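K.L.:
need the 3D shape of this:
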Amino acid sequence: MKFGVYQVSRRGGREKNEDRMGYCYTREAGLFAVADGMGGHPEGEMAAQIALQTLAALFQRDARPKLQDPARFLQDGVLIAHQTLLQYGSQRGLSDTPRTTVVACLLQEGKAYWAHCGDSRLYMVRGGQLIARTRDHSYSELQEALGRSTPGSERFNRNVLFTCLGSPGKPMVDVSGPLALVPGDRVMLCSDGLWSVVPEPEIVSHLGERVITDAVPELVEQALRLGGARCDNVTALAVEWEGEDELEDSVSTQHLGDEGFASTIQAAGAEGHLDDEEIERTVREIRETIVQRGRKNS
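P.N.:
Okay, the predicted model is just below:
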């Protein structure tokens, strides 16, 4: 497996950067993720970090060297990250749980799978055309999908989300794929600090016409300029699927063995994270809940 990758995160006009990004891979699979810790709740940067660490730990455990069911892995992984945040808040006696959005993409066997919760986005561009984008879990996109949006409403309710990780209720997780990849496909994951100020045609144009090592930093700098002195954190991680063609600054996984694993995501510490036994129990509980709901609906 060969891919090009470029990632960058900027604090913008905020006191601290609550975005987190990273990727990890084995010989036959790659996981890429961006999380945006939510302001107005405690420890947003920790929420984002825990979400990515949880996904990376699960990926390292299960991708040997590939995942049996990538879509199910994403669904379970995001829900486990949510449970980890609840546990983190409970252990520390916090009056409110740290919260975050997340978007993650898996590449395996020439196919892409992705999942998100909240309004961190995925864009997929092929031949200069947008072929896939996540739909935010926001009231503005919900109203638009229902055909109820009104002029000017976007600026008032774009930031109002109806789901995220760390909230009291079970989060909504949208999982998509598989989508067969062709060489040259670009996938970008980003926080709302980028897409909320850079128009979508500009994002697609940059990803379609420039190499990702130029496109990503240019988009981030544009977001910072348009966002002004008080702009949000801006984070973007882009991947280019290479197939058999190896690009400059590319990553090849061929040197890894069956147990090989590489990651840019900081390793998880002991505190605030589920151990293997707790992970297994959480997975069982999630799957039992899904089965029970299926029986009720049938």
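K.L.:
please make it C-alpha for all contacts and neighbour counts, starting now.
P.N.:
Will do.
K.L.:
can you list contacts of stretch 57-64?
P.N.:
Thr26, Ala29, Leu31, Gly77, Asp258, Glu259, Phe261, Ala268 (CA atoms under 8 Å, 6 or more residues apart in numbering).
K.L.:
could those residues go into TSV alongside pLDDT?
P.N.:
Below are these laid out as TSV (pLDDT from 0 to 100):
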residue	pLDDT
Thr26	95
Ala29	96
Leu31	98
Gly77	97
Asp258	80
Glu259	78
Phe261	86
Ala268	48
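K.L.:
any chance of the residues you listed in a markdown table, with distance to Lys16 and secondary structure too?
P.N.:
Conversion of the contacts of stretch 57-64 to a markdown table gives the following (distance: CA to CA, whole Å; DSSP: H, G, I helix; E, B strand; the rest coil):
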| residue | distance to Lys16 | secondary structure |
| --- | --- | --- |
| Thr26 | 32 | coil |
| Ala29 | 32 | strand |
| Leu31 | 26 | strand |
| Gly77 | 27 | helix |
| Asp258 | 39 | coil |
| Glu259 | 36 | coil |
| Phe261 | 30 | coil |
| Ala268 | 21 | coil |
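K.L.:
ok, so of these, who is nearest Thr235?
P.N.:
Leu31 (16.7 Å; CA to CA).
K.L.:
ok, the closest one - contacts?
P.N.:
For Leu31, counting by CA under 8 Å, 6+ apart, the contacting residues are Tyr23, Cys24, Tyr25, Ala56, Phe59, Ala104, Cys105, Leu106, Leu107.
K.L.:
who is it paired with across the strands?
P.N.:
Beta-bridge pairing for Leu31 (DSSP bridges): Cys24, Leu106.
K.L.:
so which pair among the contacts of Leu31 is furthest apart in space?
P.N.:
Maximum pairwise distance in the contacts of Leu31, criterion CA to CA, is 14.0 Å, between Ala56 and Leu107.
K.L.:
what segments of the chain are strands?
P.N.:
2-10, 19-25, 29-37, 100-108, 111-117, 121-126, 129-133, 174-180, 186-190, 234-241, 250-252, 262-263 (DSSP state E).
K.L.:
can you list those strands in JSON lines and add distance to Glu218?
P.N.:
As requested, the strands of the chain are exported to JSON lines (distance: least, CA to CA, whole Å):
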{"stretch": "strand 2-10", "distance to Glu218": "11"}
{"stretch": "strand 19-25", "distance to Glu218": "18"}
{"stretch": "strand 29-37", "distance to Glu218": "18"}
{"stretch": "strand 100-108", "distance to Glu218": "21"}
{"stretch": "strand 111-117", "distance to Glu218": "24"}
{"stretch": "strand 121-126", "distance to Glu218": "16"}
{"stretch": "strand 129-133", "distance to Glu218": "18"}
{"stretch": "strand 174-180", "distance to Glu218": "27"}
{"stretch": "strand 186-190", "distance to Glu218": "13"}
{"stretch": "strand 234-241", "distance to Glu218": "11"}
{"stretch": "strand 250-252", "distance to Glu218": "19"}
{"stretch": "strand 262-263", "distance to Glu218": "25"}
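K.L.:
least confident of those, on average?
P.N.:
Ranked by mean pLDDT, the strands of the chain bottom out at strand 250-252, which scores a mean of 82.
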